[in-house]
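**Q** Here is a sequence with its predicted model. Questions after.
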Amino acid sequence: MIACVDDGGAPVGFTASSVVSVSSSPPVLAFCVRGRSSAWPAIAVARSVAVSFLARDQADLAERFAARGTDRFADGGWTSLPGGEPVVDGAREWVRGRVLERISLGSSHLVALSPTAHGAPRPDAPPLLYREGDYRGLDAHDA
């Protein structure tokens, strides 16, 4: 998944290896970001975050947003929501959330979100998974 914020008109984002459902009532989801991530300063003050859940054919985007020292948005492939947060074009789904809390845990930060909007899911697009150090799709034997 790719988490993105609008940093005063400039898009900022990174690849997170997972997102967790913290609560169903009320709905809360969370992800972690390393304190050394170039995205952390913007996420540390953002009021909202957009999370794009990638499709199987988007491993190249996951790698681009995980790379250091690159302009992750230079090659396009994203759209800004009305609040300015970027979402990945063609993602399996996206969720925009209001930041509820940031908790420092060791060298990382847990960011909890309350969903405020979401995109229409693409059930025709299998999800992209990160497992054992590699990106892959969900195969029938994984189910």
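**A** The structure has been received and is ready for your questions. Numbers count the residues shown, from 1 in each chain.

**Q** By average pLDDT, which secondary structure element in this protein comes out worst?
**A** In the chain, no helix or strand scores lower on mean pLDDT, DSSP states H and E than strand 134-137, which sits at a mean of 74.

**Q** buried ones in it?
**A** Tyr135 (16 or more other C-beta atoms under 10 Å). (C-beta placed from N, C-alpha, C; glycine too.)

**Q** Stretch 66-80 now?
**A** Ala66, Arg72, Phe73, Gly77, Trp78.

**Q** Residues contacting it, please?
**A** 4, 6, 11, 13-15, 38, 61, 64-65, 86-90 (C-beta atoms under 8 Å, 6 or more residues apart in numbering).

**Q** Using CSV, write out every CA atom in that stretch.
**A** These are the backbone C-alpha positions of stretch 66-80, laid out as CSV (Å, rounded to 0.1, in the frame of the first residue of the first chain):
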residue,chain,number,x,y,z
ALA,A,66,9.9,2.6,-1.5
ALA,A,67,13.0,4.0,-3.2
ARG,A,68,15.1,6.7,-1.5
GLY,A,69,16.3,9.8,-3.2
THR,A,70,13.8,9.8,-6.1
ASP,A,71,10.8,12.0,-7.0
ARG,A,72,8.2,9.4,-6.4
PHE,A,73,5.5,11.4,-8.2
ALA,A,74,7.6,12.5,-11.3
ASP,A,75,6.3,9.7,-13.6
GLY,A,76,2.6,10.5,-12.9
GLY,A,77,0.0,7.8,-12.3
TRP,A,78,-1.8,9.6,-9.5
THR,A,79,-4.7,11.9,-8.9
SER,A,80,-5.3,14.5,-6.1
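
**Q** could you measure Val33 against Ser25, distance?
**A** 26 Å (C-beta to C-beta, to the nearest Å).

**Q** Ignore what I typed, I meant Gly119.
**A** Distance, Gly119 to Ser25, by C-beta to C-beta: 22 Å.

**Q** Tell me which of those two has more neighbours.
**A** Taking other C-beta atoms under 10 Å, Gly119 and Ser25 do not tie; Gly119 has more neighbours (18 against 5).
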